[in-house]
Structure formats: structure tokens, C-alpha cells
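A.B. asks: coords please:
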Amino acid sequence: MSDSDADVLDQLAGLSPDSPLAALRRQRPDVVAHMQGSDDAIFRPKDDGGFVPAERAAAALQVALGLRDEILIAHYRERLHALDPSETLAERVSDGEVSRDKRWATIIAHVDRVTKEPESAQPSDLQALSAVGLSDHAIVSLSQLIAYVNFQSRVLAGLRMLREAR
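C.D. replies: Purely as a prediction, here's the structure:
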């Protein structure tokens, strides 16, 4: 990605490549590259560790719903739809239909806990993820995803405030 290309944060914040905020972000090209690199690594990994891309998009959607970030909700709904055209996971996220699938229910409970009440997370929560079949790799990936989407929301909130202040 060249410094002039719009990345996912620029797109979500509605920044055109020639906008002052995009130029401000490009003053730290390493940060822009690492943020986009994080997005690529989390959502398009070379090895998904058994936590497939559609599940990753659904988990990200759950984080966005918990944060009530309409732009991220739309973004992750679109990403999930592209990966799961049958809408199976999207229905489980939006309709609370998670109880039928213990694996997915455990993932969603963990996403909600870490997003809304991170101080309540316990080692037993990780053991629960393992008990429903998530590999260590998948658990680490889920943790990275939750942290990334929460961070992404905060960066976007800052960019939106700066854009509106102009």
C-alpha cells in the first residue's frame, strides 16, 4: 500500500485521499501501514487456525454491535455477507440465536464480556473457548480481533470528531 492509498480506516472515516485528515494520518506512515496490516492479518490470515474468515467477520460484527458503532456495524455486516452469503452467522449475531450452537454461543459470550466488561474476564473464559474446540491459535486470533475492533472504534471516533471540528 502506498502512502496515498486509502486504507480501511480512511474509508470508514469517510476521508478522501486528499483530505487534511488523510494527510495528517500519512505523517505517520508506519502507523497507517501497521493498522492496515493488522486488518489484513486478522481478517485474511494465511492460517486461520480453525477460526474461519466468516466467523471472524461475525465476531467483529458482535463487537461493533456492543460498541453501538453504526459505521462499523455496516462495515462488518457487509464483510460478513461477502463471506457468508447464506446469512447463517449474521442471523445468529443479530437475532441472538447463539444458544443452538454451543461453540458460537461461547465465542459471542466471550466477545461481549471482553468488549463490555473486560475486567470480568477470567482464565476460565479461555478454557471455555478451548472446551468448545477453539485451538490456542484461534483463541489468540479472537483476542486480537476483539482488541483491534475496539481500538478501531476509538480511532474512528477521534477521526470523526476531528472531521466535524473543521
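A.B. asks: the worst-scoring helix or strand of the chain on mean pLDDT: what's the following helix or strand?
C.D. replies: Least confident helix or strand of the chain, by mean pLDDT, DSSP states H and E, is helix 88-95 with a mean of 72. For helix 88-95, the succeeding helix or strand toward the C-terminus, using DSSP states H and E, is helix 102-116.
A.B. asks: buried stuff in that following helix?
C.D. replies: 104-108, 110-111, 113-115 (16 or more other C-beta atoms under 10 Å). From N, CA and C alone the C-beta is placed, and that goes for glycine too.
A.B. asks: and if you look at stretch 45-53?
C.D. replies: Those would be 45, 48, 51, 53, for stretch 45-53 by 16+ other C-beta under 10 Å.
A.B. asks: how far does that stretch sit from its chain's centre?
C.D. replies: 14 Å (C-alpha atoms, centre = their mean, to the nearest Å).
A.B. asks: out of the buried residues of stretch 45-53, the closest to residue 13 would be?
C.D. replies: The closest of those to residue 13 turns out to be residue 53 (C-beta to C-beta; 23.6 Å).
A.B. asks: please identify the buried residues of stretch 56-68?
C.D. replies: Neighbour-count burial for stretch 56-68 [16+ other C-beta under 10 Å]: 56-67.
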